[in-house]
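**Q** Give me coordinates for this.
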Amino acid sequence: MSSPASPEEGLKQCETYWKHAQQLEQFDKRFAYHIRYYGVLKGLKLQKQFPDAGNVRQRVVEELELLERNAEFGKMADAKSYVANAALRVFKAADDEDRGGRSSSLFTVAKNFLAASAFFEAMRQFEKDESLPDIFVEKQKYAQWRAREIMVAVRQGEQPPPPPANADS
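**A** Predicted coordinates for the structure are as follows:
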């Protein structure tokens, strides 16, 4: 993701992770912790970029308070593999649903691909240089592409083309 042009744009990027974390809380608090944490990391960078943006500071503090409730998850040695496996499960579920045509809502499939993409992005928190391992880069690109392809078709009132047979899923 590129550097935001304004505090509002940056906050919107952070909100993506915080909303996903909130949704995940009821199913997997540990996974939710790491997704929220990545949003906070982005928020802290945003705060450095826009030091006078009080709304950024306030929102980051609110999310930090939520993180403190489950701080034990941040100390677990296997956090990277746990988050990677959870992100891959979300991606696989979206891909299986897409390939199997089992979803009653194409919008839901697209939304799940976008969530998987965000979860792969959150894997950057475990890398010193914030790079993303190649396996996640490819899956993230595919998830973004497929979500966009589905949504364009839906907006045009059409069925999306079937996913490619040779996709690395």
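**Q** Can you give me every residue that contacts the most centrally placed residue in the chain?
**A** Against the mean C-alpha coordinate of the chain, by CA atoms, centre = their mean, the closest residue is residue 118 at 1.8 Å. Going by CB atoms under 8 Å, 6 or more residues apart in numbering, residue 118 touches 16-17, 20, 35. Placement of C-beta: from N, CA and C, glycine included.
**Q** For these, pick the one with the most neighbours.
**A** residue 35 (28 neighbours; other CB atoms under 10 Å).
**Q** Can you give me the buried ones in the helix or strand that one falls within?
**A** Using DSSP states H and E, residue 35 sits within helix 29-49. Buried residues in helix 29-49, counted by 16 or more other CB atoms under 10 Å: 30-43, 46-47.
**Q** Could you do stretch 62-79 as well?
**A** Of the residues in stretch 62-79, 63, 66-67, 70, 73, 79 count as buried by neighbour count, 16+ other CB under 10 Å.
**Q** Give me the lowest-pLDDT entry from those residues.
**A** Within those, pLDDT reaches its minimum at residue 70, with 77.
**Q** ok, the contacts of residue 118 vs residue 153, which is closest?
**A** For the contacts of residue 118, the closest approach to residue 153 (CB to CB) belongs to residue 16, at 23.0 Å.
**Q** Spatially nearest residue to residue 122, not counting backbone neighbours?
**A** What sits nearest to residue 122 in space, not counting adjacent residues and going by CB to CB, 6 or more residues apart in numbering, is residue 38, at 3.9 Å.
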